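Trainee: Sharing a model that was predicted from the sequence below.
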Amino acid sequence: MSSPAVELLDIHKSFSRVKANDGVNLAVARGEIHALVGENGAGKSTLMKILYGLYAPDRGEIRIDGKPARFRGPADALRAGLGMVHQHFMLVRPFTVVENMLLGREGVPPVLPMDRVAASREIRDLSGRYALDVEPGAVVEDLPVGVQQRAEILRVLLHGASILIFDEPTAVLTPQEATDFFRVLGGLRDQGKTILLITHKLDEVMQVADRVTVMRAGRVVGERAVRDTSPAELARLMVGRDVALGRVEGEAPAGAPVLEVRSLGVRDSRRIARVNSVSFQVRAGEIVGIAGVEGNGQTELVEAIAGLREVEAGTIHMDGRDVTGSRVAQRQRSGLVHVPEDRQRRGLVLEMSLAENLLLGRQRESEFSGRVLLRAEPILRMARRLSEEFDVRPRDVSLKTRDFSGGNQQKIVVARELGRAPRLIVASQPTRGVDIGAIEFIHARLREARDQGVAVLLVSADLREVMSLSDRILVMYGGRVVGEVPGRDAREDRLGTLMLGGAA
C-alpha cells in the first residue's frame, strides 16, 4: 500500500496561553480532494500554515510521500511540491498574468524577453492540460474574479506543485464561477493532484470532496468519507450540537421606510464612478439583501450610507431626514450601526484590546465615561458580557485584537455593532470567515432585530446567505441595481444570471 501524499503526525502548536493544535494527526491520500472543516479557533488554519512552512510546530512530524520533511518557510514547501492558493489572491493586479508567473523566477541579469515568450507558452500548455482558460497577456485587474483564481492556480502549478492547499476558495465567486471551479478541482484530482480544501461551506464539501476531516478545539474529532456523511453530521461534529441555517420568514409585516436611497451616485478613491443612480428603500422590520459579484459598487454604496464616503449625486434619508451630509457620529446617534466588509481596515484597531475595541463608538456614553477618565469596571463588564454572548475566543478581554483569529476578530465587530440598540443595521459580509455555529448565531441576531422592527441592509458575497436571510433581494451589476426578487422566490440560477449582467 502506497504512503499518503501528506501526513501530519502528533502536531502541537501553542501561542502564549492558547493551544492551537493539540496532538493533531491527518493523512491525505495521493489524488484525493480532502476537506478540512471546523469552527473558528479550531486550529485548521494553523495546521495548514505549519504544513506550508509559515509556522514551525512545537512538536510533531510532517511527512510527504512517506518521507519526513521540515519546512523553514514556504520556499521549502514549494520545493517539496506544495502550493497554496489563498482566499485573497497573491497576484499583483496591475501586472499581466505572465508577469505574475515570472515573479520569484527572475534571473540575474534581468529576465530576457525570450523568458516571457517561453513562460507564455508554458502557461498556455498548462491552461490546456488542466482546463484553466487564462490569457497570458491579460492584465490581472481587468479579469473577472473567477479567471484571477485560475491564474493563481496556474502560478502554483508552474512552480511544480503536486499538492495544492485552497483556503476558502469560493468566498468571492458567483455560483456559476464556483461550479466552474469545482470542475477545475475535479480535473486536477483526475490528473493526479492532491487537494486540501479549507472551507466553511458544508454543501461544497458534499459536492466536491472525497474525504473530510473535522477539527474542534485544536483536535481532530472526526474523519469521514463524504459518501458516508451529511452536512448535519459534520455540523454536529464541528460545534457539538445540531445547527439550523435554513430560511425563516419574518414574524410581522414591514413598516415605514427607515432608509431611503435616492438616485445615488458615488465614486471610488480614484474618482471612478462605482454607484450609478441607485434608488431603493429598507423598511422597519425587513431585511433587504444586496447580491452581486464583489467590485460592482457594493463597497462604495455601503460606505456612502455609513458616512465613510462622499456622495457625488442623490440623497440618503433616515426616517425621513436627509443625512447625506451628516458625519458618521451623527448617523450613529440616529441609530445606524455598520458592520464593515474589511474588519481590519474599517472595523478594528488591532493594537487595542478586545475591551477597547468593543467600546469604540460608545466611549462618550455616561455609562462608560466619567468627568475625566473612562470607567474601567463598566467597560470590562460590557466586554465580558459581549464576548461571552458572541462566543469570542479566547475570553481574555485584555488581549490585543491582532492576536485573535480572523473569525474571532469578525465576532468582535459584530458583537460591538449588534450589541447596541440600532434603528438601522448596515451589515457588509457579516459572517465572512466565521464558523457555522457563529453564522447560525449572527443570522439569528439579524432576524431577531428584523422581527423587533429594525431595518437591516445586508450585503454579502455568499449568495446562500442573502437568500436565507432576505425578505427582498436587490442585485447589483456595474454599479446599478439590475433586478429585485422577493426572498421567498429567489433561486440561485436566476440571481446568478443577474449577477453576471444577464436578464432574469
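Mentor: Everything's here; your move.
Trainee: switch to C-alpha atoms for all contacts and neighbour counts from now on
Mentor: Noted.
Trainee: how about Ile198, what does it touch?
Mentor: Residues near Ile198 by C-alpha atoms under 8 Å, 6 or more residues apart in numbering: 35-37, 44-45, 165-169.
Trainee: mind listing which of these are in helices?
Mentor: Per DSSP state H, helices hold the following members of those: 44-45.
Trainee: want to try a markdown table for the contacts of Ile198, with pLDDT as columns?
Mentor: Putting the contacts of Ile198 into a markdown table (pLDDT from 0 to 100) gives the following:
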| residue | pLDDT |
| --- | --- |
| Ala35 | 96 |
| Leu36 | 95 |
| Val37 | 92 |
| Lys44 | 88 |
| Ser45 | 84 |
| Ile165 | 94 |
| Phe166 | 90 |
| Asp167 | 83 |
| Glu168 | 78 |
| Pro169 | 82 |
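Trainee: Would you show me how to pick out the buried ones of the contacts of Ile198 in ChimeraX?
Mentor: To isolate the buried ones among these in ChimeraX, judged by 16 or more other C-alpha atoms under 10 Å, type:
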select :35,36,37,44,45,165,166,167,168,169
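Trainee: and which of the contacts of Ile198 is nearest to Tyr52?
Mentor: Ile165 (8.6 Å; C-alpha to C-alpha).
Trainee: Mind listing the residues bridging to that closest one?
Mentor: Met84, Leu196 (DSSP bridges).
Trainee: Got the domain ranges for the protein?
Mentor: 6-239, 257-499 (automatic domain parsing).
Trainee: Which of the ones you listed sits closest to Val248?
Mentor: domain 257-499 (7.3 Å).
Trainee: tell me the average confidence for the closest one?
Mentor: Domain 257-499 shows a mean pLDDT of 91.
Trainee: could you dump stretch 28-38 to PDB, C-alpha only?
Mentor: C-alpha atoms of stretch 28-38 as PDB (Å, rounded to 0.1, in the frame of the first residue of the first chain):
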ATOM      1  CA  VAL A  28      -4.300  12.800   2.900                       C
ATOM      2  CA  ALA A  29      -4.100  10.100   0.100                       C
ATOM      3  CA  ARG A  30      -2.500  10.900  -3.200                       C
ATOM      4  CA  GLY A  31      -5.000  12.000  -5.800                       C
ATOM      5  CA  GLU A  32      -7.900  12.900  -3.500                       C
ATOM      6  CA  ILE A  33      -9.800  16.000  -2.500                       C
ATOM      7  CA  HIS A  34      -9.600  16.200   1.300                       C
ATOM      8  CA  ALA A  35     -11.700  18.900   3.000                       C
ATOM      9  CA  LEU A  36     -10.700  20.400   6.400                       C
ATOM     10  CA  VAL A  37     -13.600  22.000   8.400                       C
ATOM     11  CA  GLY A  38     -14.000  23.300  11.900                       C
END
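Trainee: where's it relative to the chain centroid, distance-wise?
Mentor: With C-alpha atoms, centre = their mean, to the nearest Å as the basis, stretch 28-38 stands 21 Å off its chain's centre.
Trainee: Any chance you could list what contacts it?
Mentor: 3-7, 44, 185, 189-200, 205, 208-216, 238-239, 435.
Trainee: got a markdown table for the domains of the chain, with distance to Val248 too?
Mentor: Shown next, in a markdown table, are these (distance: least, C-alpha to C-alpha, whole Å):
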| stretch | distance to Val248 |
| --- | --- |
| domain 6-239 | 18 |
| domain 257-499 | 7 |
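Trainee: What's the PyMOL syntax to select whichever of the contacts of stretch 28-38 are buried?
Mentor: Selection of buried members from those for PyMOL, criterion 16+ other C-alpha under 10 Å:
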select buried, resi 4+5+6+7+44+185+189+193+194+195+196+197+198+199+200+205+208+209+210+211+212+213+214+215+216+238+239+435
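Trainee: Which ones among the contacts of stretch 28-38 lie within strands?
Mentor: Among the contacts of stretch 28-38, the residues falling in strands (DSSP state E) are 6-7, 194-198, 211-216.
Trainee: so which of those comes closest to Ala376?
Mentor: The nearest one, if we look at the ones in strands among the contacts of stretch 28-38 relative to Ala376 and count by C-alpha to C-alpha, is Arg216, at 33.8 Å.
Trainee: what pLDDT does the closest one get?
Mentor: 90.
Trainee: ok, now which ones touch it?
Mentor: 38-39, 41-43, 237-239.
Trainee: try 7 Å
Mentor: 38-39, 42, 238 (C-alpha atoms under 7 Å, 6 or more residues apart in numbering).
Trainee: before we move on, the earlier item: including distance to Ala225, could the ones in strands among the contacts of stretch 28-38 go into CSV?
Mentor: Converted to CSV, the ones in strands among the contacts of stretch 28-38 look like this (distance: C-alpha to C-alpha, whole Å):
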residue, distance to Ala225
Val6, 17
Glu7, 17
Thr194, 16
Ile195, 15
Leu196, 14
Leu197, 14
Ile198, 16
Arg211, 4
Val212, 6
Thr213, 9
Val214, 12
Met215, 15
Arg216, 18
